[in-house]
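*Asks:* Take this sequence and fold it.
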Amino acid sequence: MDTHSLKVIELSGTPRERGRIHGEELREHIRAVLEITKSGIEKNLSIDPAHYIRDFLAYSNFESGIQQYAPDILEEVEGLAEGAAIDTDTARYLQLTDEDWVFRQKVYPELSNAGDNCTAFALKNSSGVLARQNMDINYVDGYQVLFHIRYPDRELESFVYSIAGLIALNGMNSAPLGICCNTLMELYSTQFGLPVQFIVRKVLECTSFDSAREFLRKITHASGQNYIIATAESFGSFECSANEVTEFIPYPNSPAVCHSNSPLASRDIDPDAMARFKSQAGLDENFKARYESIWRRLGDAGRDHTIEDAKAALSAHDDRANPVSRTFDPESGEKFLGYTAGSMIYQLDRKNPVLHLASGPPCQTEYRKFRFSDLWLMQ
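*Replies:* Have a look, this model is predicted:
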């Protein structure tokens, strides 16, 4: 997708009003994403999509965690359903992508893959902290969106990258603070925790590294995930599971941290999930190859890495079979199955925070700058 054709939508007002804007502005895109999602369920699982979604929502019990920690975001989802003219259960289902992968792995292990493969890292340079991520997801090209969220009664703003109908994939705010995410399917999950998309949105309401870290530590996590949290002064990588939050530190005083999709610090490993992971050929090699590619390029403590270094690292094909930037052939019919649907670099400078965003594989897609100001769109 050409980043210059990316839809950029401002969300403001009450949570329900924000959701309605999302639903109304992207109604046709949301319905298209739903149709593709349902077609994937029918094709890959040979199950009626309506029955599958009903069974999944009956299995899940995320309501209590959401009501405790993110009731405003749940209200936004309800507004989204109203604006898009879809039922509330379907809108809720769209917000549970990582948790849906866990469900599929448990109930249909012989038919499921291991979820998506993302590469994220953060490092210090002479101007502050750079955090960045390639978001590799099983969704369609052309439905990406950037939300510019303005919160009532606060000066805080957020840029949230997503897919039509989803409240968040990742993003940064004007504090500045950024969050990157990597699925960790091998870790223990729970039906009673807070789902990933809700966590991303609540972290983006934090204005300090300490408050974001404390939020990650106090909640129960519905599914295994690594979060890299970064501000202008600090960064950290946190492997989160149903039972613990473990910080991953490459070595003491490391100037950088990198993560792909395999636990590097947590011991809260689900043996059944690990067995399913090990049964899928090539996954371990893929995770290691992407990690090593990024670390070779950006782990050097003696170099002042630049934005261009970050772009090159995220565009890399150092291992041709397991590239960091994952492309697709539009003619192959396989473009919906795990490609790089977005690449983000958070330039976390207190005076001038900038989001560098490519809405497709960065080896093929131009980055565009977004700033928090009255002229916030495209510098």
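
*Asks:* Going by C-alpha atoms from here, please, whenever you check contacts or count neighbours.
*Replies:* Will do.

*Asks:* May I have the phi/psi pair for the closest residue to residue 48 other than its chain neighbours?
*Replies:* Nearest non-adjacent residue to residue 48, counting by C-alpha to C-alpha, 6 or more residues apart in numbering: residue 42, 5.9 Å away. Main-chain torsions, residue 42, degrees, to the nearest 10: phi -70, psi -40.

*Asks:* May I ask which helix or strand of the protein has the lowest mean pLDDT?
*Replies:* helix 271-278 (a mean of 83; mean pLDDT, DSSP states H and E).

*Asks:* So for the next helix or strand after that helix, what gets flagged as buried?
*Replies:* Using DSSP states H and E, the helix or strand that follows helix 271-278 in sequence is helix 283-298. Within helix 283-298, the residues scored as buried using 16 or more other C-alpha atoms under 10 Å are 283, 286-287, 289-295, 298.

*Asks:* Helix 283-298 - contacts with which helices or strands?
*Replies:* On a contact count with 3 or more C-alpha pairs under 8 Å, 6 or more residues apart in numbering; DSSP states H and E, helix 283-298 meets strand 119-125, strand 256-259, helix 307-314.

*Asks:* quick one: the helices in the stretch 101-250 of the chain?
*Replies:* 196-203, 209-218 (DSSP state H, counting those that start in this stretch).

*Asks:* among these, which is the most enclosed?
*Replies:* helix 196-203 (a mean of 22; mean count of other C-alpha atoms under 10 Å).

*Asks:* and that helix, how far out from the chain's middle?
*Replies:* Chain-centre distance of helix 196-203: 9 Å, with C-alpha atoms, centre = their mean, to the nearest Å.

*Asks:* ok and it relative to helix 209-218, angle-wise?
*Replies:* Calculated by axes from the mean of the first three to the mean of the last three C-alpha atoms, to 10 degrees, helix 196-203 forms an angle of 150 degrees with helix 209-218.

*Asks:* any low-confidence regions in the chain?
*Replies:* Across the chain, the ranges flagged by pLDDT under 70 are 110-117, 138-139, 281-282, 328-338, 374-379.

*Asks:* Just give the nearest non-adjacent residue to the most centrally placed residue in it, would you?
*Replies:* The residue lying closest to the centre of the chain (C-alpha atoms, centre = their mean) is residue 169, at 3.4 Å. Spatial nearest neighbour of residue 169, chain neighbours left out: residue 162 (4.9 Å); criterion: C-alpha to C-alpha, 6+ apart.

*Asks:* Could you export the helices of the stretch 101-250 of the chain to JSON lines, including columns for distance to residue 107?
*Replies:* Shown next, in JSON lines, are the helices of the stretch 101-250 of the chain (distance: least, C-alpha to C-alpha, whole Å):
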{"stretch": "helix 196-203", "distance to residue 107": "20"}
{"stretch": "helix 209-218", "distance to residue 107": "28"}
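
*Asks:* Which among those helices is found nearest to residue 345?
*Replies:* Among these, the nearest to residue 345 by C-alpha to C-alpha is helix 196-203 (16.3 Å).

*Asks:* Please enumerate residues in contact with the closest one?
*Replies:* 66, 70, 73, 95-96, 98-99, 166-171, 179, 212, 215-216, 221-223, 225 (C-alpha atoms under 8 Å, 6 or more residues apart in numbering).

*Asks:* again, only this time at 7 Å
*Replies:* For helix 196-203, contacts defined as C-alpha atoms under 7 Å, 6 or more residues apart in numbering pick out 70, 73, 95, 98, 167-170, 212.

*Asks:* just stretch 353-372 next, same as before
*Replies:* The contact list for stretch 353-372 (C-alpha under 7 Å, 6+ apart) reads 1-3, 144, 174, 176, 314-315, 325-327, 340-348, 376-379.

*Asks:* ok so, going back, please tell me how far the residue nearest to the centre of the chain sits from residue 45.
*Replies:* Using C-alpha to C-alpha, to the nearest Å, we find residue 169 at a distance of 25 Å from residue 45.

*Asks:* got it, and residue 36?
*Replies:* From residue 36 across to residue 45, the span is 14 Å (C-alpha to C-alpha).

*Asks:* before we move on, what about residue 124?
*Replies:* Distance from residue 124 to residue 45, by C-alpha to C-alpha: 44 Å.

*Asks:* Name the residue in these two with the higher neighbour count.
*Replies:* Taking neighbours as other C-alpha atoms under 10 Å, residue 124 and residue 45 compare with residue 124 leading, 23 against 16.

*Asks:* Spatially nearest residue to the more buried one (excluding sequence neighbours)?
*Replies:* In this structure, residue 124 finds its nearest non-sequential neighbour in residue 255, 5.7 Å apart by C-alpha to C-alpha, 6+ apart.

*Asks:* right, and that neighbour touches residue 125 too?
*Replies:* No - using C-alpha atoms under 7 Å, residue 255 is not in contact with residue 125; the gap is 8.4 Å.

*Asks:* re the thing from before, please list only the buried members of the contacts of stretch 353-372.
*Replies:* Neighbour-count burial (16+ other C-alpha under 10 Å) is assigned, among the contacts of stretch 353-372, to 1, 3, 144, 174, 176, 314-315, 325-327, 340-348.

*Asks:* so how far is residue 346 from the residue nearest to the centre of the chain?
*Replies:* Distance, residue 169 to residue 346, using C-alpha to C-alpha: 14 Å.

*Asks:* ok, now residue 40?
*Replies:* 32 Å.

*Asks:* quick one on the thing from earlier: can you redo the helices and strands packed on helix 283-298 as TSV with distance to residue 363?
*Replies:* Output for the helices and strands packed on helix 283-298, formatted as TSV (distance: least, C-alpha to C-alpha, whole Å):
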stretch	distance to residue 363
strand 119-125	14
strand 256-259	20
helix 307-314	8
